[in-house]
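> Give me a model of this one.
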Amino acid sequence: MAWRVSIAFLGLLCFGLLALAQNTQPPIPVSQLDPGTLGQPGFRFAGGVPPVVNLMPHADGARAGHLWIGNTGRSLRIAGEVDGNAPEWPKNQASILLKDHVEVWLAGATDVELPPIGWGDQFGLHELDSANGCSEIASTPNPSSKDTADHEKCRAWFVAQQKYRPLFKRLFVRQWLLASSVSMESYATPAYGVISTKYAGNGLAVLEPHGDVSFRAETRAGKPGYIFEIDIPYSSFPPLNTLQLSELRLLVDVFSAAPQGRRYGPFSSTSATRAFGKPETFNLLHFDPPRVFELSPCGDKLQGADIYRNMQPAWFIPKETSDNPYQTDAFLIINQAQGYQYEPGDTISPTVRPVHFFWHGIGAGEWICGPLFTYRHGNTIREFGSEVSQEGFDARRTTDGNILIKEGPEVWLSEFGSGQCGACPRIQLKILALDSNLNLITLLDLGDTIGGGELLPSSGDITVSPDYTQVVEYLQTGPDDNHLTWSSVTCCLKSGSYTECGRKEGVKPPNPPVLKLRQN
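Residues are numbered from 1 along each chain as shown. Next comes the predicted model:
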């Protein structure tokens with residue numbers, strides 16, 4: 001019985017320690033602000049607005065103070081007022097920890113959900129619960145090597161991913177060290193550098209920290225201490241996993257100069273339970289009203305298709321441009337997959353897969369959008385569940401009120417590159433029709449695999465008339481490279497469908513070519 005009581009007590013103690021690690025302070029309200037110039041004037045003084053959070057000393061000699069936090073619609077604005085002696089600002093980045101400075105942490109979520117450690121090939125994903133899983137995968141029907149040496153490489157790869165993943169998660173958190181002449185991001189940036197050099201993380205460029213954070217400080221008139229303002233542009237934010245920004249995790253620490261022999265000075269913080277690099281211990285910001293982002297005029301969801309064409313939740317890093325109100329770019333967190341990747345090799349787990357959103361206007365308040373094909377007219381939105389390519393994506397309305405939608409002409413390659421002529425380029429053109437009842441019909445699906453030899457064309461091209469009523473496909477064929485000729489097939493749109501309306505041999509292909517493929 002005593003043993004059971006002791007176990008129960010230890011469990012309760014562990015739960016209590018876990019609860020203490022969470023920030024249980026009430027959410028900090030973030031109001032909408034006029035996006036004026038930093039410090040013109042400080043919004044903290046407007047209308048006697050009270051501060052929204054106090055700074056709590058975490059050591060003797062730390063400064064007391066309070067903060068105001070607002071959303072300008074383009075940035076997060078923080079203003080602070082602290083007491084104490086006049087600040088000793090650092091002269092450069094190397095001395096910032098020894099001098100007065102402000103540290104700001106920001107995260108879009110308390111944690112980042114990652115897929116199990118693994119990789120993929122054209123047959124599917126290989127996911128490992130432990131390094132022992134390397135032997136289990138080798139015993140499957142997949143044609144992977146069963147050599148002991150390869151098993152050990154796989155086990156070493158698994159261990160390397162365990163070390164890599166904490167660095168990957170750091171790319172979703174920001175820590176800025178700020179002073180009167182210094183602004184530097186010091187948490188995600190070093191992690192990105194290590195990943196780039198040690199883990200061949202070249203595919204993670206979308207996660208490289210960017211943007212500048214502005215800091216301005218001045219002494220208080222007739223009082224000790226100082227006031228400061230910080231402006232964090234959306235483009236400097238860490239990745240977000242929601243288009244409706246109603247919550248963020250923020251931590252602000254105000255450091256005084258370090259005493260002789262110490263690495264850093266006493267500090268005060270907005271969080272009583274702050275822990276280095278732990279977003280769950282940061283303060284919770286609540287935006288009222290929320291800042292709503294859009295990916296396209298069609299109201300696309302924050303999602304995208306992985307290489308297996310499965311829809312996955314996405315993340316994005318917000319940006320603000322004067323010529324485009326939409327975000328357009330996001331990314332998925334996935335395991336790397338490619339053709340014939342039966343062993344992990346030099347893959348990293350996870351990596352990211354870019355998702356780009358695009359659209360074409362048809363009329364007032366009317367668009368077609370991709371990559372998940374969507375139509376919008378006013379408040380009517382119709383998702384068709386298929387993917388479309390941006391290359392040649394266009395539309396026009398016909399005299400009978402239907403909409404012709406063009407995808408291509410384009411050259412594309414299989415992502416896996418597996419199977420017969422798997423690495424060969426393909427040429428393709430699709431034309432769809434959308435009627436007044438939003439029924440989608442494929443009118444034309446034209447294309448070929450370009451491979452050469454006796455069985456496949458050596459080259460090809462496709463032209464489309466401006467009104468889409470005539471399409472010509474050109475193909476170059478022959479028994480060998482010394483006996484190649486061009487032929488063409490013409491398709492014409494009549495009575496709502498495409499039919500062959502011409503075929504010629506010995507023709508000349510378009511010059512210049514429409515598709516950047518032809519060698520001759």
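> residue contacts, Gln22?
Counting by Cβ atoms under 8 Å, 6 or more residues apart in numbering, Gln22 touches Thr273, Glu280, Thr281. Heads up, the C-betas are built off the backbone N, CA and C, glycines and all.
> how about a cut-off of 6 Å?
Glu280 (Cβ atoms under 6 Å, 6 or more residues apart in numbering).
> go on, Glu127?
Pro116, Gly118.
> For it, give the beta-bridge partners.
Counting by DSSP bridges, Glu127 forms beta bridges with Gly118.
> how much space is there between it and Val514?
43 Å (Cβ to Cβ, to the nearest Å).
> Might you quantify the distance of the particular helix or strand that has Gly80 in it from its chain's geometric centre?
Per DSSP states H and E, Gly80 falls inside strand 75-82. Relative to the centre of its chain, strand 75-82 is centred 27 Å away, using Cα atoms, centre = their mean, to the nearest Å.
> what do you get for stretch 280-287?
On Cα atoms, centre = their mean, the centre of stretch 280-287 falls 22 Å from that of its chain.
> Same question for stretch 181-194.
19 Å.
> I'd like the average pLDDT over it.
Mean pLDDT, stretch 181-194: 96.
> Other residues contacting it?
Outside stretch 181-194, the residues that touch it by Cβ under 6 Å, 6+ apart are 90, 93, 96, 167, 170-171, 173-177, 208-209, 213, 215.
> what's the answer for stretch 455-471, then?
Counting by Cβ under 6 Å, 6+ apart, 404, 409, 427, 429, 448-450, 452, 472-477, 484, 491-493, 509-510, 513-515, 518 sit against stretch 455-471.
> Show me which positions of the strand holding Gly80 end up buried.
Within strand 75-82, the residues that count as buried by 16 or more other Cβ atoms under 10 Å are Ser75, Leu76, Arg77, Ile78, Ala79, Gly80, Glu81, Val82.
> got a list of what the fourth one touches?
With contact taken as Cβ under 6 Å, 6+ apart, Ile78 is in contact with Ile69, Ile230.
> now do 8 Å
Leu67, Trp68, Ile69, Val104, Glu229, Ile230, Asp231, Ile232, Val252.
> how about the helices of the stretch 51-200 of the chain, start to end?
133-138, 148-170, 188-198 (DSSP state H, counting those that start in this stretch).
> looking at these, which has the lowest confidence?
For the helices of the stretch 51-200 of the chain, mean pLDDT drops lowest on helix 133-138, to a mean of 77.
> for that one, packing partners?
Packed against helix 133-138 by the contact rule (3 or more Cβ pairs under 8 Å, 6 or more residues apart in numbering; DSSP states H and E) you find helix 148-170.
> give me that answer again for 10 Å
strand 118-121, strand 124-127, helix 148-170 (3 or more Cβ pairs under 10 Å, 6 or more residues apart in numbering; DSSP states H and E).
> Point out where this protein drops to low pLDDT.
Applying pLDDT under 70 to the chain flags the ranges 1-21, 34-48, 138-148, 201, 322, 453, 518-520.
> ok, now with 80
Residues of the chain that meet the criterion pLDDT under 80 lie in 1-23, 33-49, 136-149, 200-202, 320-323, 419-420, 452-454, 480-481, 517-520.
> circling back to that earlier point, buried ones only from the contacts of stretch 181-194, please, as a ChimeraX command.
This is the ChimeraX syntax for the buried subset of those, where burial follows 16+ other Cβ under 10 Å:
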select :90,96,167,170,171,173,174,175,176,177,209,213,215
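> Looking at the contacts of stretch 181-194, which is nearest Gly370?
Set against Gly370, the nearest of the contacts of stretch 181-194 by Cβ to Cβ is Glu208 (26.1 Å).
> how many neighbours does the nearest residue to the closest one once chain neighbours are set aside have?
Nearest non-adjacent residue to Glu208, counting by Cβ to Cβ, 6 or more residues apart in numbering: Tyr192, 5.3 Å away. If you count neighbours by other Cβ atoms under 10 Å, Tyr192 ends up with 21.
> Give me the distance between Tyr192 and Glu113.
Taken as Cβ to Cβ, the span from Tyr192 to Glu113 is 20 Å.
> Ok, Thr328 next?
From Thr328 to Glu113 the distance is 24 Å (Cβ to Cβ).
> cool, and Lys163?
Relative to Glu113, and taking Cβ to Cβ, Lys163 is found at 19 Å.
> okay, those two: which has more neighbours?
Using other Cβ under 10 Å, the more surrounded residue of Lys163 and Glu113 is Lys163, with 11 against 8.
> Next one: the more buried one from Gly133, what distance?
Taking Cβ to Cβ, one finds Lys163 at 17 Å from Gly133.
> picking that back up, the strand holding Gly80 pairs with which strands, parallel or anti?
Going by DSSP bridges, the partners of strand 75-82 are strand 65-71 (antiparallel), strand 226-233 (antiparallel).
> CA-only coordinates of the next helix or strand after the longest one, as CSV, when you get a sec.
Going down the chain from strand 226-233, the next helix or strand is strand 244-255, by DSSP H and E. Listed in CSV are the C-alpha atoms of strand 244-255, where the atom choice follows Å, rounded to 0.1, in the frame of the first residue of the first chain:
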residue,chain,number,x,y,z
GLN,A,244,-7.5,33.6,-38.7
LEU,A,245,-4.9,35.1,-36.4
SER,A,246,-6.6,35.3,-33.0
GLU,A,247,-3.8,34.0,-30.8
LEU,A,248,0.0,34.2,-30.6
ARG,A,249,2.5,33.2,-28.0
LEU,A,250,4.7,36.2,-26.9
LEU,A,251,7.3,36.6,-24.2
VAL,A,252,9.1,39.9,-23.4
ASP,A,253,12.1,40.0,-21.1
VAL,A,254,13.8,43.3,-20.1
PHE,A,255,17.5,42.7,-19.1
